[in-house]
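J.: build the 3D model from these lines:
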Amino acid sequence: MITRPDQFAWPWAFALLVIPALYLLFFWASGSGAAVGYAAQRFVADGPRGWRTRLMWLPRVLRALSLAAVAVAIARPQTITGEVRTRTEGIAIQLVVDRSSSMNEPMKMDGAELTRMEVVKRVAKSFVMGDEASGLGGREGDLIGMISFAKYADTVCPLVREHETLSDLIEKLRTAVIRSEDGTAIGEAVALAAARLRHAEDEVAASVTDDRADDDTPNEFSIASKAIVLLTDGQNNQGEIDPLAAARLAADYGIRVYAIGIGGGRMIELPGFSRRVGPSVDERTLRQIAEITGGRYWLAEDAETLREIYAEIDDLETTEIESSVATNTEERFAPYAAAGLGLVCLETLLATLVFRRTP
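T.: Model (predicted):
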């Protein structure tokens, strides 16, 4: 709720304040003696003065104040209250990140050698929170969650619109360290992400209810589209759900999948040269997943390419936020008018009963 200071609809009415000012000047200039002078007035003046005599000016001042209050009332003081209404057409996004042990392979970023997982975490945080240096504006207003997978797919963070918690959970993401938990269950991860996005509207309704309970400012949110950002460096070798079957499920739910293959295989250093061995990223399957769902596929072999890919996704999935202000004007002249009337009545009573002048 926004409250602006009082304003006056007719500020020219303040010119009327000259009337009570001139009235007081005339009163003080003419003196406050009796209406008709006596021959012996100068002798009376030298005698003791009672409180009535000392306060003979009070009715005149009350009359001037009443005129001033009426002038302010005529100026029409107003209180203007405004209510900001925000309407957001956001994107519901599930970040799906491979955390298999192969994500420990080295990758250079800004001149430093990190692991693939560390690079992915940094770029993903920039995608969510924004980073001018990376050309990423952040996903303010979007509903974003995260799923990680190795042998099994797990929900790291449910769909949320406040992204600070999500950013912290991304930072805590670790690769699989136990061999029995290692692997690459792409199909199960995509299927879980699609299932969570399918019911995204229910989570939106719950979050809007909580917002209205905590805040008087209406904030309307609707989902314009749903997307999965899948990132993996390997091939599907775990789980019972085929990646293409999961892609068809996502397509049935109206969800696009943006698939990113990162590196692939393990780098072996040999005398005089290095060689990548082991399973590389399954580009064919990832490309098919993207085609089935109406998304796109990219291959990222370095950190800079990965940033560019996320920036491209940022441009493909845009969020519209509209804000409007509804104002209400409340007239505040009544207290001033009532004060003017009350002062006139008080002045009349005092002049008639207490400070009655001798003719």
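J.: so what are the domain limits for the chain?
T.: The record's domain parsing of the chain by automatic domain parsing lists 2-75+326-354, 88-318.
J.: and those, which one is worst for confidence?
T.: In terms of mean pLDDT, the lowest-scoring of the domains of the chain is domain 2-75+326-354 (a mean of 72).
J.: distance between the host helix or strand of T165 and the chain's centre?
T.: Under the criterion of DSSP states H and E, T165 resides in helix 164-171. Centre-to-centre, helix 164-171 and its host chain are 18 Å apart (Cα atoms, centre = their mean, to the nearest Å).
J.: which positions in it come out as buried?
T.: Buried residues in helix 164-171, defined by neighbour count with 16 or more other Cβ atoms under 10 Å: 166-167, 170. Quick note: C-beta positions are derived from backbone N, CA and C, even for glycine.
J.: what about the helices in this structure?
T.: 18-30, 41-45, 51-54, 58-74, 116-129, 164-171, 186-198, 200-214, 243-252, 283-293, 303-316, 333-349 (DSSP state H).
J.: now do the last one against helix 58-74, angle only.
T.: Interaxial angle, helix 333-349 versus helix 58-74 (axes from the mean of the first three to the mean of the last three Cα atoms, to 10 degrees): 160 degrees.
J.: tell me which other helices or strands helix 333-349 touches.
T.: Counting contacts by 3 or more Cβ pairs under 8 Å, 6 or more residues apart in numbering; DSSP states H and E, helix 333-349 is packed against helix 58-74.
J.: next, count neighbours for D98.
T.: 27 (other Cβ atoms under 10 Å).
J.: run through the bridge partners of the closest residue to it other than its chain neighbours.
T.: Excluding the flanking residues, the one nearest D98 by Cβ to Cβ, 6 or more residues apart in numbering is T232, at 3.9 Å. Beta-bridge partners of T232, counted by DSSP bridges, are G261.
J.: do you know how far T232 is from G295?
T.: Remark: distance between T232 and G295 (Cβ to Cβ, to the nearest Å) = 14 Å.
J.: can you check N104 too?
T.: Counting by Cβ to Cβ - N104 and G295 are separated by 27 Å.
J.: also G90?
T.: From G90 to G295 the distance is 18 Å (Cβ to Cβ).
J.: before we move on, what about F333?
T.: 62 Å.
J.: and these two? which has more neighbours close in?
T.: G295 (24 against 18).
J.: in contact with the more buried one: list those residues for me.
T.: Residues near G295 by Cβ atoms under 8 Å, 6 or more residues apart in numbering: 227-228, 256-259, 289.
J.: and the buried ones among those residues, selectable in PyMOL?
T.: The PyMOL selection below is limited to those of those classed as buried (16+ other Cβ under 10 Å):
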select buried, resi 227+228+256+257+258+259+289
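J.: export the contacts of G295 to CSV and tack on distance to D242?
T.: Output for the contacts of G295, formatted as CSV (distance: Cβ to Cβ, whole Å):
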residue, distance to D242
A227, 21
I228, 16
R256, 19
V257, 14
Y258, 20
A259, 15
I289, 11
